[in-house]
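Enquirer: build me a model from this:
(2 chains)
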Amino acid sequence: MIDPRLSIVEKRLSEIKRVIAVSGSKGGVGKSTIASLLALLLSKKGHKVGLLDLDFFSPSQHIMLGTKKVSPKEDKGIIAPEIAGISFMSIIHFTGENPVLIRGNDVSNAIIELLAITRWPELDFLIIDMPPGIGDATLDILRLAGNAEFILVTTDSKLSLEGVKKLAIALKELNIPILGIIGNMSKRKDRAKEFAVSLGIDFLGMICYDEGLEDATGKRNKILKTLAAKQLEEIIRSGLIKDKWQSYEKNL
Amino acid sequence: MMPKNFAHVASQFLILFHISNLDFMHEYSLAQAVINAIAEFCEKNKIKHLVEATVVLGELQQIDKGIFRDALNEIKKECGLRARIKIKDEGASFRCRACNFEWNFSKGKNNLNANDAERIHFLPDVAHCYMRCPRCHSPDFEIVKGRGIYIDSIAVIHKKVSSKKR
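Expert: Take a look at the predicted model:
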């Protein structure tokens, strides 16, 4: 038995220069916020950006982007709808407000199907909002999107740090590039940095807890003016992806 | 008076109309995936003489067989593939993990409206959002068979290469 969908996934992703998976070990550490801010900041800079929400059990990118109900168009597959200049794909397009009650094998099938049917335009970046931990989605992305690079997000919490450590070890063992660790909602200045150094992973920077973020959620004009967005922009400029960022800026 | 070539022109028009409809279909993408997968299989196994492939269409994905067949033929023509591709249907069935009840797919029985059915057509796994076990109403069920598309078999001719005698 041959699954024909697998043969088309590579073609679907072939027009994408960089795939960046934003991941972390626990729910609530800010992966989705950082993924959407990253997509919006890169798009604001003039890059062609796609955003894929793979957190099937708690999809939230549509809330971050403030999208109303959108129906993807059919054209030899599905065209990812464009929201604020970002090509956006999420399971939410197919589930609406219904909870997604699926198990492992069905999760894998849904990821393969989504990657097989989605026609992305030519993109500089595809940002993937990953579900927490090393589950089916992470393993499937490693298998199907061979060039994915990871950004790991963690808070200062011991529980979050311990989980990210396991994720980082697994990714290193599989030779998956880790762009670095972002300390989010940080209160203790050096904790995430020391942790990153201890793992031999670059520390990209720190984002403080930002009370203004809640009010800005879903408001695209406001969200880029938040402290979190400004700090992430600084991380992008001065962090590990600086070189690549600058080379892309030169090409604009 | 009807021009002599009307039928020809009309048939051309119909063909063009049909193809332009085809372009918008999800079925075209699946047909492309099938042809790619067959080509990859042949390349990987160094097969030169492909005779026939059998593709199974799972009922839950509700693929339009006519459009899918037309798309396959179009792509086959474009890439010069002459092998026959057989299409088989596979009924969808489910087993409830809560009460073990088994049932078959039926839009009517599962109370699916056109929108829900279309969403399942694109992403069959979201069936769990719209269907429930008919007996205990649990959403925790297994799709036993008939989920979507797969290539069931590929028939080839293997030619033995005889070693040259000195």
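
Enquirer: and the stretch 1-150 of chain A, which of its residues are near chain B?
Expert: For the stretch 1-150 of chain A, the contact set with chain B under Cβ under 8 Å from any Cβ of the partner chain comprises A:1-8, A:11, A:72, A:74-78, A:91, A:94-96, A:98-103, A:106-107, A:109-110, A:113-114, A:116-117, A:119. Where C-beta positions appear, they are placed from N, C-alpha and C, glycine not excepted.

Enquirer: try it again with 6 Å
Expert: A:1-5, A:7-8, A:74-77, A:94-95, A:98, A:101-102, A:106, A:109-110, A:113 (Cβ under 6 Å from any Cβ of the partner chain).

Enquirer: tell me the buried residues within those residues.
Expert: A:2, A:4-5, A:7-8, A:74, A:76-77, A:94-95, A:102, A:106, A:109-110, A:113 (16 or more other Cβ atoms under 10 Å in any protein chain shown).

Enquirer: in helices, which of those appear?
Expert: Here DSSP state H is the test, and these give A:7, A:8, A:94, A:95, A:106, A:109, A:110, A:113 as lying in helices.

Enquirer: now the strands for the chain?
Expert: No chain in the question, so chain A it is. A:16-23, A:49-53, A:73-74, A:78-79, A:82-83, A:86-90, A:118-119, A:123-129, A:148-154, A:178-186, A:203-208 (DSSP state E).

Enquirer: correction: the question concerned chain B.
Expert: For chain B, strands defined by DSSP E occupy the ranges B:50-58, B:84-90, B:93-96, B:102-104, B:141-145, B:149-156.

Enquirer: picking that back up, farthest-separated two in the buried ones among the residues of the stretch 1-150 of chain A next to chain B?
Expert: Largest separation among those by Cβ to Cβ: A:2 and A:95, giving 28.2 Å.

Enquirer: up against chain A, what does chain B have?
Expert: Within reach of chain A by Cβ under 6 Å from any Cβ, chain B has these residues: B:24, B:26, B:28-29, B:33-34, B:36-37, B:40, B:119, B:122-123, B:125-126, B:128-129, B:139, B:150-151.

Enquirer: ChimeraX command for the buried members of the residues you listed?
Expert: Command for ChimeraX that selects the buried part of the residues of chain B next to chain A, burial taken from 16+ other Cβ under 10 Å:
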select /B:26,28,29,33,34,36,37,119,122,123,125,126,128,129,139,150,151
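
Enquirer: for the longest helix along chain B, packing partners?
Expert: Determined from DSSP H, the single longest helix within chain B is helix B:26-44. Judged by 3 or more Cβ pairs under 6 Å, 6 or more residues apart in numbering or on different chains; DSSP states H and E, helix B:26-44 is in contact with helix A:6-12, strand B:50-58, helix B:65-79.

Enquirer: shaky segments in the stretch 101-250 of chain A?
Expert: A:189, A:239-250 (pLDDT under 70).

Enquirer: out of the strands of chain B, which is closest to residue A:222?
Expert: The nearest among the strands of chain B, by Cβ to Cβ, is strand B:141-145 at 42.5 Å.

Enquirer: pull out the buried positions in the closest one.
Expert: B:141, B:143, B:145.

Enquirer: check stretch A:183-196 too.
Expert: A:183, A:184, A:185, A:186, A:191, A:192, A:193, A:195, A:196.

Enquirer: could you list which residues are in contact with residue B:130?
Expert: For residue B:130, the contacting residues are B:112, B:116, by Cβ atoms under 6 Å, 6 or more residues apart in numbering or on different chains.

Enquirer: same question, residue A:199
Expert: residue A:168.

Enquirer: ok, now residue A:79?
Expert: Residues in contact with residue A:79 (Cβ under 6 Å, 6+ apart) are A:73, A:119.

Enquirer: mind running it again at 7 Å?
Expert: Shown in contact with residue A:79 (Cβ atoms under 7 Å, 6 or more residues apart in numbering or on different chains): A:72, A:73, A:119.

Enquirer: now do residue B:116
Expert: residue B:130 are the contacts of residue B:116 under Cβ under 7 Å, 6+ apart.

Enquirer: and it, what's its pLDDT?
Expert: Residue B:116 is assigned 90 on the pLDDT scale.

Enquirer: that one and residue A:94, how far apart?
Expert: Separation of residue B:116 from residue A:94 (Cβ to Cβ, to the nearest Å): 10 Å.

Enquirer: send the alpha carbons of stretch A:141-156 over as CSV?
Expert: C-alpha atoms of stretch A:141-156 as CSV (Å, rounded to 0.1, in the frame of the first residue of the first chain):
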residue,chain,number,x,y,z
ILE,A,141,7.2,17.8,10.6
LEU,A,142,10.7,16.4,11.1
ARG,A,143,9.8,13.7,8.6
LEU,A,144,7.9,15.7,6.1
ALA,A,145,9.6,19.2,6.2
GLY,A,146,13.2,18.1,5.9
ASN,A,147,14.6,21.6,6.2
ALA,A,148,12.7,22.8,9.3
GLU,A,149,14.7,24.9,11.8
PHE,A,150,13.5,25.2,15.4
ILE,A,151,13.1,28.1,17.8
LEU,A,152,12.4,26.9,21.3
VAL,A,153,10.3,29.0,23.6
THR,A,154,10.5,28.6,27.4
THR,A,155,9.5,30.5,30.5
ASP,A,156,11.8,30.7,33.6
